[in-house]
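> let me see the structure of the following:
(2 chains)
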There are 2 protein chains.
Amino acid sequence: MARKIAILGGTGPEGLGLANRLARAGEHIVIGSREAPRAQQAAQQLRGRIGGAAQIDGADNAAAAAQCEIAVLTVPFSGQAALLKQLKNVWKPGTVVIDTTVPLAATVGGSPTRMIGVWQGSAAEAAAELLPAGVSVAAAFQNLGAELLAGDAAVECDVLVCSDDDKAKQVALELAAKIPGVRALNGGRLENARIVESMTIRYKVHSAGIRFTGLPAS
Amino acid sequence: MARKIAILGGTGPEGLGLANRLARAGEHIVIGSREAPRAQQAAQQLRGRIGGAAQIDGADNAAAAAQCEIAVLTVPFSGQAALLKQLKNVWKPGTVVIDTTVPLAATVGGSPTRMIGVWQGSAAEAAAELLPAGVSVAAAFQNLGAELLAGDAAVECDVLVCSDDDKAKQVALELAAKIPGVRALNGGRLENARIVESMTIRYKVHSAGIRFTGLPAS
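A predicted model of the protein is given here:
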């Protein structure tokens, strides 16, 4: 059976955008949401938009996490800890979790162009702390805005993947490279997510991404 | 007419504790809450507990702020920005706002023994940014836990008052000194609230406070 990818908090714009891109790339997607009917409705709409053989299901977050080998976290930072605590005993051993979270100040009523500082260093490191042994984590996709992800046009963006786990890093690099126009780059250790998350907040405007220039050809 | 002190978000344990102490010290208190009936009920209960001539009213936060010369902010950090935006056009010119907020990580689902980093530097500086011209701010009381404030016994605590405004600093120092056992100390500029807020989080246990030792007698 082919692997499935859960997009947790996947009815928001960022999650739906990633579901859209990865489903178009042939991945089997399970959109997760607090309420299963909402997730199922979003899945149905997205299948309709993409058409063809798009494989997109919907389920509540726990059911989505339980049936997938890869899970992408797309909830706001204010909901991240609660969700991961809820899922603590749900994960299959060997699951790869890809965290896309940017800790926006808006999560506590502040400006959307500012961040809050995270005790653990970054939202990704905060996520790692709440995952059980046997579940690995990579940080990626923070710089791909929802508007860029909504369609099917090639984007002009780099995705930096940060992880302390080789398998998680590889999985995230491969998924990122499936989005047309994305260059997937090794961002080093998970703690480097601090830098990637803060780049997002400094430069994020509608439809903008980031390209690093002057890198050696890979 | 004697001055009145609004305790905004005053139906929580910290707010109720400060209302208790300041009412016992003879101040006229207006407990503010999102809903006026809740504030009025809390005020009535507190009057009953203190007895005698305690002057304690209740009102919604906006009405409380509008009728007072001094306002003490005791809402969780996650609610601070929304409340101050709501009150932007409510303040009387010359009002002194005393911020007691500690930006606990718990406000975004994290640990109660950790903080989140605030873009402006501290919760008090975040508050200052949302107050109109003519309203001054001091940071104080972060290290006085709700349990210490609930009764009438003398506490064994210092209160550091940080402010860039002489009047606000003086008002906060005087109020702090009215709580039996409190030594009110000048904590310097408002930006020093970063340090005071983080001391709270590092040392806060039930009924614990902070004393600084080795200071010259004042």
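> could you use CA atoms for every contact and neighbour count after this?
Will do.
> residues in contact with whichever residue of chain A sits closest to chain B?
Proximity of chain A to chain B (Cα to the nearest Cα) peaks at A:Gly117, 3.7 Å away. Shown in contact with A:Gly117 (Cα atoms under 8 Å, 6 or more residues apart in numbering or on different chains): A:Pro103, B:Ile116, B:Gly117, B:Val118, B:Trp119.
> run the last query once more with 7 Å
B:Ile116, B:Gly117, B:Val118 (Cα atoms under 7 Å, 6 or more residues apart in numbering or on different chains).
> the last one and B:Arg34: what is the separation?
Using Cα to Cα, to the nearest Å, one gets 24 Å for the distance from B:Val118 to B:Arg34.
> who's more crowded, the two?
Set B:Val118 next to B:Arg34 and count neighbours by other Cα atoms under 10 Å in any protein chain shown: B:Val118 wins out with 22 against 16.
> next, the residue lying closest to the more buried one once chain neighbours are set aside: phi, psi?
Using Cα to Cα, 6 or more residues apart in numbering or on different chains and skipping residues adjacent in sequence, the residue nearest B:Val118 is A:Ile116, 5.4 Å away. Dihedral pair for A:Ile116: phi -100, psi 150, per degrees, to the nearest 10.
> check contacts around A:Ile116.
Applying Cα under 7 Å, 6+ apart, the residues contacting A:Ile116 are A:Pro103, A:Leu104, A:Ala105, B:Ile116, B:Gly117, B:Val118, B:Trp119.
> let's have those residues in CSV, adding pLDDT, distance to B:Leu215 and secondary structure.
Shown next, in CSV, are those (pLDDT from 0 to 100; distance: Cα to Cα, whole Å; DSSP: H, G, I helix; E, B strand; the rest coil):
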residue, pLDDT, distance to B:Leu215, secondary structure
A:Pro103, 94, 40, coil
A:Leu104, 90, 41, strand
A:Ala105, 90, 38, helix
B:Ile116, 92, 30, coil
B:Gly117, 93, 30, strand
B:Val118, 95, 30, coil
B:Trp119, 93, 32, coil
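> looking at the residues you listed, spot the one nearest A:Phe141.
A:Pro103 (13.6 Å; Cα to Cα).
> hmm, that closest one is touching A:Gly79, no?
No: here A:Pro103 lies out of contact with A:Gly79, judged by Cα atoms under 7 Å, at a distance of 10.6 Å.
> how about the residue lying closest to A:Leu130 once chain neighbours are set aside, phi and psi?
Excluding the flanking residues, the one nearest A:Leu130 by Cα to Cα, 6+ apart is A:Leu84, at 6.1 Å. Main-chain torsions, A:Leu84, degrees, to the nearest 10: phi -70, psi -30.
> show me what from chain A comes close to chain B.
With Cα under 7 Å from any Cα of the partner chain as the criterion, chain A comes near chain B at residues A:Ser78, A:Ala81, A:Ala82, A:Val108, A:Gly109, A:Gly110, A:Arg114, A:Met115, A:Ile116, A:Gly117, A:Val118, A:Trp119.
> list the buried residues for stretch A:67-86?
Within stretch A:67-86, the residues that qualify as buried are A:67-78, A:80-81, A:83-84, counting by 16 or more other Cα atoms under 10 Å in any protein chain shown.
> would you mind checking the average pLDDT for the lengthiest helix in chain A?
Of all the segments of type helix in chain A, defined by DSSP state H, the longest one is helix A:36-50. When pLDDT is averaged over helix A:36-50, the result is 97.
> which residues sit against that helix?
A:Thr11, A:Asn20, A:Ile31, A:Gly32, A:Ser33, A:Ala54, A:Ile56, A:Asp57, A:Gly58, A:Ala59, A:Asp60.
> restricted to strands, list those.
Counting by DSSP state E, these place A:Ile31, A:Gly32, A:Ser33, A:Ile56, A:Asp57, A:Gly58, A:Ala59, A:Asp60 in strands.
> just the pLDDT at the fifth one, thanks.
Looking at A:Asp57, its pLDDT reads 98.
> the third one too?
According to the per-residue confidence, A:Ser33 scores 98 in pLDDT.
> what's the burial count for it?
Around A:Ser33 there are 25 residues (other Cα under 10 Å).
> contacting residues for it?
The neighbourhood of A:Ser33, defined by Cα under 7 Å, 6+ apart, consists of A:Leu8, A:Gly9, A:Gly10, A:Thr11, A:Ala39, A:Ala59, A:Asp60, A:Asn61.
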